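> sequence first, predicted coordinates after that:
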Amino acid sequence: MTEPVQLKQENLHRLADEIACPSYDRSKVKAGIVHIGVGGFHRSHQAYYTDALLSDSDASDWGICGVGLRDADRKIGDILKAQDYLYTLIVKHPQGTIETRIIGSLIDFMLACDDPGAVIDRMASADTKIVSLTITEGGYNFNPATGEFDFENPDVRHDLEHPSSPKTVFGYLTAALKKRRALGLPAVTVQSCDNIQHNGDMTRKMLLAFAHKQDADLARWIESEVCFPNAMVDRITPVTTPEDIAYLRSAMGLEDQWPVTCEPFTQWVIEDDFSNGRPAWEKVGAQFVPDVTPYEKMKIRLLNAGHSVLGMLGSIHGHKTIDGCMADPLFAAYVRRFMDVEATPVLDPVAGVDLEAYKDSLIERFGNPNIKDSVARICLESSAKLPVFLVPTITENLERGGSIKFAALVVAAWCFYSDKGVDRHGARLDIVDAMKDELHQAAKGTSDDTLSFLKLEPIFGDLIGDETFTAVYSEMIEALYENPDISARMKKLL
Ligand code: CS2
């Protein structure tokens, strides 16, 4: 067998014909975008759109310099560097077709913790027009119950004391914007690509709170000069597995240390609100709209919440993947009922979108048997996700006297999951959550006080004070602790 070809710029001409490669001259591409958080989602989404656009000769100012803030990002940085910042996107269709494409839009990577000053300089350079972010729901550092910036975070305290060697995204943005202002350069756009409702407004609010504490005058400048477009982002991107790497090696003769797998569907709806120019992403499928609110709400409350419903219930039931859940008719029916009966009634109409067709497409996407998105990925950092994806649907239904039972069972399942950490067969669940200990402590109290878990105020707000909710929830907790087979309870609710 011939040796696989190492992914590198000089080897692109040696790759198998079915692998699509960048058709543009990457040496001419400048990094107009500095992106913080080079995970799988950035690489299947924004970097993918940008790669598609770079084939357009007018777009060469819009390459991407990736940034990792923490030491944990060293591995991706080293791999990308060794591959000339190239990586493979493996797009898996439900019927089995696989498209393989080399993405060339990333042209550099910087590990901020090794040299914070260099990253600040890069963000403050005249070439940089946009600083974009995928820092996860938890990265925005807000208290979900109050919506306010959390100044108690030790890294934030560090950044306020050490403005030239920050650790958080807020410290970096503030330092870079300060420098731009001092140099007389125009501001950059700060563009969030995370699943937070009003992600741009949220970024703006959090950054202003931080900057204000550091330098009130600078905060006023940021307020008037920096645009923070809201956006809805969508493409299901499971965690890369060793099988993905082995597939490229054996089927394509390609050695890529960290490819990305994703579904064929992709969507990006963006408010056209940029401080300093932008790529013409609309040429490659992104939609620019005046107000993204209804799109992001629809996506977060149906897709992300739907994922959480399947992920949480599926985890304690012993399902391993989202498509595995969907192959179980009970789970497929349950998630659709949740969408129809609880999520949809509190959505706003979305111009030009047929919600029924949108939900049908979600059901199909969740069922894609080739994506194998693990329930463990979906349950990762639930404490940052559920307050954004699910709790508002419960609260809004309580206000209008709507149904809450499908979502309440997910909260009860989350309590059980955090308390016991096993599925119904007794197999350990790998719980990864910044609030893991608090979740466990609160859930552990359930045996003495049925409502103990709901005392986590930053997550549940005042749900504990709502008698309609607590009545339904307590009954579910009692049933679940008596018989952890969640399917019995799910059947009852349908
Ligand atoms: C998922 C998202 O993390 C999650 O819980 O729901 O990562 C989801 O796959 C993406 O938002 C799809 O666009």
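Received it, and whenever you're ready, just let me know what you need.

> every contact and neighbour count from this point should use C-alpha atoms.
OK.

> what is the burial count for the spatially closest residue to residue 460 that is not a sequence neighbour?
Distances taken as C-alpha to C-alpha, 6 or more residues apart in numbering place residue 454 nearest to residue 460, at 6.2 Å, with adjacent residues excluded. For residue 454, the neighbour count with other C-alpha atoms under 10 Å is 24.

> what's the per-residue pLDDT of residue 454 here?
Residue 454 carries a pLDDT value of 98.

> contacting residues around it?
By C-alpha atoms under 8 Å, 6 or more residues apart in numbering, the contact list for residue 454 reads 442, 460, 463-464.

> show the backbone phi and psi for the residue of the chain found nearest the ligand.
The nearest approach of the chain to the ligand comes at residue 234, 3.2 Å away (C-alpha to the nearest ligand atom). Note on residue 234: backbone dihedrals following degrees, to the nearest 10 are phi -160, psi 120.

> kindly report the same for the one 10 residues further on.
Note on residue 244: its backbone torsions stand at phi -60, psi -40 [degrees, to the nearest 10].

> please apply the same query to residue 84.
Main-chain torsions, residue 84, degrees, to the nearest 10: phi 50, psi 30.

> mind listing what residue 379 touches?
If a contact means C-alpha under 8 Å, 6+ apart, then residue 379 has 308, 311-312, 431-432 as its contacts.

> was I right about residue 70 contacting residue 112?
Yes - with contact defined as C-alpha atoms under 8 Å, residue 70 and residue 112 form a contacting pair (6.9 Å).

> higher neighbour count, these two?
Of the pair residue 70 and residue 112, residue 112 is the one with more neighbours under other C-alpha under 10 Å, namely 24 against 14.

> could I get the pLDDT score of that one?
For residue 112, the predicted pLDDT is 98.

> could you do residue 1 as well?
pLDDT, residue 1: 59.

> for the protein, what lies in contact range of the ligand?
Neighbours of the ligand within the chain, by C-alpha under 6 Å from any ligand atom: 233-237, 304, 307-308, 378.

> need these in TSV with secondary structure, pLDDT and neighbour count, can you?
TSV is the format used below for the residues of the chain next to the ligand (DSSP: H, G, I helix; E, B strand; the rest coil; pLDDT from 0 to 100; neighbours: other C-alpha atoms under 10 Å):
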residue	secondary structure	pLDDT	neighbour count
233	strand	97	25
234	strand	98	22
235	coil	98	17
236	coil	98	22
237	coil	98	22
304	helix	98	21
307	helix	98	23
308	helix	98	26
378	helix	98	22
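
> so where's this protein shaky on pLDDT?
Applying pLDDT under 70 to the chain flags the ranges 1.

> tell me how it divides into domains.
5-289, 293-493 (automatic domain parsing).

> count of residues packed around residue 443?
Counted with other C-alpha under 10 Å, residue 443 comes out at 26.

> for residue 450, see how far away it is.
Noted for residue 443: a distance of 9 Å to residue 450, by C-alpha to C-alpha, to the nearest Å.

> residue 3: what's it in contact with?
Residues near residue 3 by C-alpha under 8 Å, 6+ apart: residue 253.

> isn't there a helix covering it?
No - per DSSP: H, G, I helix; E, B strand; the rest coil, residue 3 lies outside any helix segment and is coil.

> sorry, back to before: could I get the contacts of residue 454 as JSON lines with secondary structure?
JSON lines is the format used below for the contacts of residue 454 (three-state DSSP):
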{"residue": "442", "secondary structure": "helix"}
{"residue": "460", "secondary structure": "helix"}
{"residue": "463", "secondary structure": "helix"}
{"residue": "464", "secondary structure": "helix"}
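
> of those residues - the most surrounded one?
residue 460 leads the contacts of residue 454 on contacts (other C-alpha under 10 Å) with 21 neighbours.

> just the CA trace of the helix or strand harbouring residue 356, in CSV.
Using DSSP states H and E, residue 356 sits in helix 355-366. The C-alpha trace of helix 355-366 is given here as CSV (Å, rounded to 0.1, in the frame of the first residue of the first chain):
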residue,chain,number,x,y,z
LEU,A,355,-42.1,26.3,10.8
GLU,A,356,-43.7,22.9,10.1
ALA,A,357,-41.2,22.3,7.2
TYR,A,358,-38.4,23.6,9.4
LYS,A,359,-39.3,21.1,12.1
ASP,A,360,-39.6,18.3,9.5
SER,A,361,-36.1,19.1,8.3
LEU,A,362,-34.7,19.1,11.9
ILE,A,363,-36.2,15.6,12.4
GLU,A,364,-34.5,14.4,9.3
ARG,A,365,-31.2,16.1,10.2
PHE,A,366,-31.2,14.6,13.7
